[in-house]
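Undergrad: Build the 3D model from these lines:
(2 chains)
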Amino acid sequence: MQVPLTINGEKQTSENRNLVFALAGNANVGKSVLFNHLTGSSQIIGNWPGKTIERAQGILEFEGKKIIVVDLPGIYSFSTFSMEEIVSREYIALEHPDVVINVVDAAILERNLFFTIQLMEMEVPLILCLNQLDAAKKKGITIDLKKLEHLLGIPVVPTVAIRGEGIYELTKKAVEMARGKGSKKPKPVIYGSEIEEKIQKLSSLVQQKKIASQYPARWVAVKLLENDPEIKKLLSSSSQEIVHESDVVAEEIFQIHKEQAFTVIASERYALASKIAIETQKQAIVKPTLSDKLEWVTTHRIFGYVTSAGVIAGLLLWTFTIGNILSTLLSDGLKIISPVNPALNGSILGVLWNGVFGGVVAGITLIIPYVIPFYLMLSMIEDSGILTRVAFMMDSAMHKIGLHGKALIPLILGFGCNVPAIRSCRIMETKRERLLAAFAITFAPCAARTILILGLVAAFLGPVWALALYAMDIVIIFIMGRVALKVVPGQSTGLIMEMHSFKVPSLSVIGKQTWVRTKSLIYIVFPIYIAGSALIQVLYAFGVLGPVSNTISPLTVGWLGLPVIAGILLILGIVRKEFILLGAVAIFGSTNLLLFLTPVQLITLSLVGILYLPCLSTISVLAKDFGWKAAAKISLANLATAIIAGGLAFRILSLLM
Amino acid sequence: MMPSKTLEDYLKALSILASNGKTVSTTEISRHFKIAPASVTEMLQKLAEKGYINYSPYHGSTLTPKGLQIAEKVTRKHRLLEKFLYDVLRIGKDHIHKQACEMEHALSDEAEESLCRLMNHPDKCPDDNKTIPACDLLFSSCEECIVTHNKGLEEVGKREQHLVSISDLKEGKQGKISFVRGEHKTLQRLLDMGLTPGTCVKVLRVAPLSGPTEIGVRGSKIALGQDIASNVFIEVSQENRVG
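TA: Numbering: from 1, shown residues only, chains lettered A, B, ... in the order given. Alright, predicted model coming up:
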């Protein structure tokens, strides 16, 4: 039995049930833009039950009725290459959406139809949304809609989602289909006669055995021939015979075609997609578009690196500049309400309250000035397609740390905040790569670390030293990445990445993306900030931190050349890195830290502060995604790096300065 | 007629020196083997007579399809042997090249295929990380070889065409996908992206520093990392072939 879909806590009865539309399609076909148009602002970003894959869900109001719209992840096939693919097909088969809207990029019709064919095979009520028609037109492609409709046997609606064109017609068609007007099932996909015969044989066997599966019998038969591990596992519990039979049949196909059944089936699907595409589209000769020229520059053997470096540097520079302006404004504003610095004495309740308040303030002063502008710019870069080119150019460098170009995206995300960056490591193919990427991210100079560099070093020693620290941090990411590769050996997956066309970023998508990222940050970071900062301040007020700081003084004073008080600062900084800065100001009772710390100490403290432990929020998200053991190991590796790098920096800088 | 060691060495040298299809001068060959140009010329004339190379005095030599086939086969055996000596026998990197040079001429085709399967279809040779050429059996993936092996390889046809790894192609070249080496997941993903056997692909851009290759396939553009691109073999279209 399926639990009925609930939204906003409303339970739905079967007679007065809301309609459910699912959006499915390849990555970057404009699904998110369409989704935003359909649902407006009423969106919920949720996880798939039991799995860490996000899905967006929203409500569409059409002629007084509520319709639930589900945005499935962008995928290329229903094979078992990624979790997204398995989850999407399970959703379609098990949750029975009333209509599946297949969003297709009109400029890449053939490749997109390959997925359409697989949706047709799922025997679901299907509508083809032929999107980005304007972009196709620019490339000289025109498509015969009537013919496409006829060949596929499903309604085809042309749209330009970014301008809202065709959305009404699409919704109308989908509602009509859901209410049972017109044909509900797409045309069956017929394979070549040898394969077709085998599919029918297996499919009738599946029907005979009355296997309790939500999937259509024919689809199960095809998947068996494709040697799909998930489906085989599902069936082997109920009928070993069918699984055996499918192996025999697959072997027969191999004998005839001299190619394995899964290859033959993929080839036949593509042959069909190609045939439909050729029959329905016309290609005129056009001049190279602006996109082609941009492509040339961004992947050029010299200019490509220049643009890549420019994109990353520009992103950081933008964050610094905007962050600095906004944070000054904001902390001035907040100072009116209450002191922002940690309170280190007074009544317990007062200290506790101050801690809580400090946590809230810290969260706000981190997120509003630094994180949001960063995410806005990052989403824009992502949406425009430039980031794909940066990943293309940086692939060989990323290979040196056992990752491929795509890992650059979470790593850059980590420059904003490590927490969502670690979560986004899901785009990597294997668990080992996700772990390696997450490890590298824990060293990435996030917004909080940036505040530390700006506050401790840039403010007193000038921007050159701040930049040097930044560069140092990037070198450390690279070195530690190499070390991690030695510790976690294994085969790396290669890069297979679609190079999407450049496009003008959509404001609604950027806004949504920024909000989704910021929101996940708020949920994870705020509670830990608040609780942690209250706890640490109480511990300090009780005088617990002083003795601890004295105990670790051989390390802090002897090896790192810092004052004893640094022990307390570093403990405060576990919750949030800026506490090192704020704590120093509170303890010394002055904002001019140069009176109490030498330049070498400032740099060492800042370097150790950046590296020594991931903040509590990062540790908790590491534990959530990779387990406590991995989180502990990563934290210890960070600590060791900080001790080594800090000690070396102290000694080398003492000679220089 | 079994090709002799000298013949194979010459053809192999020509294929290495003629990377990207350029004509190789007699001086280059004489420098490569450290022998007098006169003896090289004599050998080249003999090879041309037998139809392995196109030779014209003062211009230099290029391999004919027949010669190329032998050269690729020897290169494949050489690199497989290097891999075997290094990975299985654990012989030092400095010693494997010389030994492989000796052994490659004596290795039978049967032993070559067994070595390939034994080492789980390796893709790179250990000393200079060069791609091991694809085998000449008519398979479109290594999995087919594994499945067929139990029944013997005798029935499997031989490939007539010369295959080139995508990573060895220059920008603008195109051809048909013939063979993909690699594990099942990669193969499946490539199929899903439209790289089915026989599909026409075009190399659009090659990133420097052994970075990815961008290819055009079925109207879309896909970047393949070097390690994947080097395992996708295509039959280069004739009109594009240089030399």
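
Undergrad: Can you tell me the SS state at residue 58?
TA: Assuming you mean chain A. Under DSSP: H, G, I helix; E, B strand; the rest coil, the three-state class of A:G58 is strand.

Undergrad: that's the wrong chain, I wanted chain B
TA: Assignment for B:Y58 (three-state DSSP): coil.

Undergrad: in chain B, which helix has the most residues?
TA: helix B:65-83 (DSSP state H).

Undergrad: Give me the buried positions along it.
TA: Using 16 or more other C-beta atoms under 10 Å in any protein chain shown as the test for burial, helix B:65-83 gives B:67-83. Every residue, glycine included, has its C-beta placed from N, CA and C.

Undergrad: helices and strands around the helix or strand of chain B with the lowest mean pLDDT, which ones?
TA: Here the helix or strand of chain B ranked lowest by mean pLDDT, DSSP states H and E is helix B:142-149, holding a mean of 80. Where contact means 3 or more C-beta pairs under 8 Å, 6 or more residues apart in numbering or on different chains; DSSP states H and E, helix B:142-149 is packed against helix A:240-257, helix B:109-118.

Undergrad: Output the ones you listed in CSV, with mean pLDDT and mean neighbour count appended to each entry.
TA: As requested, those are arranged in CSV below (pLDDT from 0 to 100; neighbours: other C-beta atoms under 10 Å in any protein chain shown):
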stretch, mean pLDDT, mean neighbour count
helix A:240-257, 85, 16
helix B:109-118, 86, 16
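
Undergrad: how about those helices in a markdown table, adding distance to A:I141?
TA: As requested, the helices and strands packed on helix B:142-149 are exported to a markdown table (distance: least, C-beta to C-beta, whole Å):
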| stretch | distance to A:I141 |
| --- | --- |
| helix A:240-257 | 33 |
| helix B:109-118 | 43 |
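
Undergrad: Of all the ones you listed, which one is nearest B:E143?
TA: Among the helices and strands packed on helix B:142-149, helix A:240-257 comes nearest to B:E143, with 9.9 Å by C-beta to C-beta.

Undergrad: what angle do the closest one and helix B:142-149 make?
TA: 100 degrees (axes from the mean of the first three to the mean of the last three C-alpha atoms, to 10 degrees).

Undergrad: which parts of chain B sit against chain A?
TA: B:138, B:140-141, B:143-144, B:147, B:185-194, B:196-199, B:205, B:207-212, B:214, B:217-228 (C-beta under 8 Å from any C-beta of the partner chain).

Undergrad: which residues does A:I386 contact?
TA: Shown in contact with A:I386 (C-beta atoms under 8 Å, 6 or more residues apart in numbering or on different chains): A:298, A:307, A:311, A:502.

Undergrad: Next: B:V203.
TA: B:166, B:169-174, B:213-215.

Undergrad: Go again with 10 Å.
TA: B:166-175, B:213-216, B:224, B:229, B:234, B:240 (C-beta atoms under 10 Å, 6 or more residues apart in numbering or on different chains).

Undergrad: List the buried residues in the helix or strand where it lies.
TA: Element membership for B:V203 (DSSP states H and E) is strand B:200-206. Neighbour-count burial for strand B:200-206 flags B:201-206 (criterion: 16+ other C-beta under 10 Å).

Undergrad: secondary structure class for B:Q161?
TA: Three-state call for B:Q161 (three-state DSSP): coil.

Undergrad: so who does residue 162 touch?
TA: You didn't say which chain, so I picked chain A. A:30, A:33-34, A:36-37, A:131-132, A:134-135, A:503-509.

Undergrad: ah, no, chain B please
TA: Counting by C-beta under 10 Å, 6+ apart, B:H162 touches B:63, B:65, B:68-69, B:71-72, B:133-134, B:136, B:178, B:233, B:235-236, B:241.

Undergrad: go on, A:G164?
TA: Contact analysis of A:G164 by C-beta under 10 Å, 6+ apart lists A:33-34, A:37.

Undergrad: ok, A:L411 touching A:P445?
TA: No - contact criterion C-beta atoms under 10 Å: A:L411 and A:P445 do not qualify, at 11.0 Å.

Undergrad: joint contacts of those two?
TA: A:I477.

Undergrad: what are the phi and psi values for the residue lying closest to B:L68 once chain neighbours are set aside?
TA: Using C-beta to C-beta, 6 or more residues apart in numbering or on different chains and skipping residues adjacent in sequence, the residue nearest B:L68 is B:H162, 5.5 Å away. Per-residue torsions, B:H162: phi -90, psi 130 (degrees, to the nearest 10).

Undergrad: Quick check: B:H162 vs B:A106, distance?
TA: Per C-beta to C-beta, to the nearest Å, B:H162 is found 24 Å from B:A106.

Undergrad: Can you give me the distance of A:S654 to chain B?
TA: Separation of A:S654 from chain B (C-beta to the nearest C-beta, to the nearest Å) stands at 38 Å.

Undergrad: which residues does that residue contact?
TA: So A:S654 contacts A:561, A:598, A:600-601, A:604 (C-beta under 10 Å, 6+ apart).

Undergrad: what kind of secondary structure is A:L294 in?
TA: A:L294 ends up helix, using three-state DSSP.

Undergrad: Leaving out sequence neighbours, find the closest residue to the residue most central in space within chain A.
TA: The geometric centre of chain A, computed from its C-alpha atoms, lies nearest to A:S424 (C-alpha atoms, centre = their mean), at 3.4 Å. Among residues not flanking A:S424 along the chain, A:P410 sits closest, at 4.6 Å (C-beta to C-beta, 6+ apart).

Undergrad: Quick check: mean pLDDT of stretch A:469-484?
TA: For stretch A:469-484, the mean pLDDT works out to 89.

Undergrad: And it, what's buried?
TA: Neighbour-count burial for stretch A:469-484, counted by 16+ other C-beta under 10 Å, picks out A:469-470, A:472-473, A:476-477, A:480-481, A:484.

Undergrad: Show me which of the residues you listed is closest to chain B.
TA: A:G481 (16.8 Å; C-beta to the nearest C-beta).

Undergrad: Sketch out the low-pLDDT regions of the stretch 501-650 of chain A for me.
TA: A:589-590 (pLDDT under 70).

Undergrad: Can you tell me which residues in it are near chain B?
TA: Within reach of chain B by C-beta under 10 Å from any C-beta of the partner chain, the stretch 501-650 of chain A has these residues: A:S501.

Undergrad: The spatially most distant residue from the centre of chain B sits in which helix or strand?
TA: Here chain B reaches farthest from its C-alpha mean at B:A38, the gap being 29.5 Å by C-alpha atoms, centre = their mean. Taking DSSP H and E as the definition, one finds B:A38 inside helix B:37-49.

Undergrad: ok, A:I634 - contacts?
TA: Contacts were defined as C-beta under 10 Å, 6+ apart; by that measure A:I634 touches A:422, A:435, A:438-439, A:441-443, A:484, A:613-614, A:618-619, A:622-623, A:626.

Undergrad: Great, nothing more from me.
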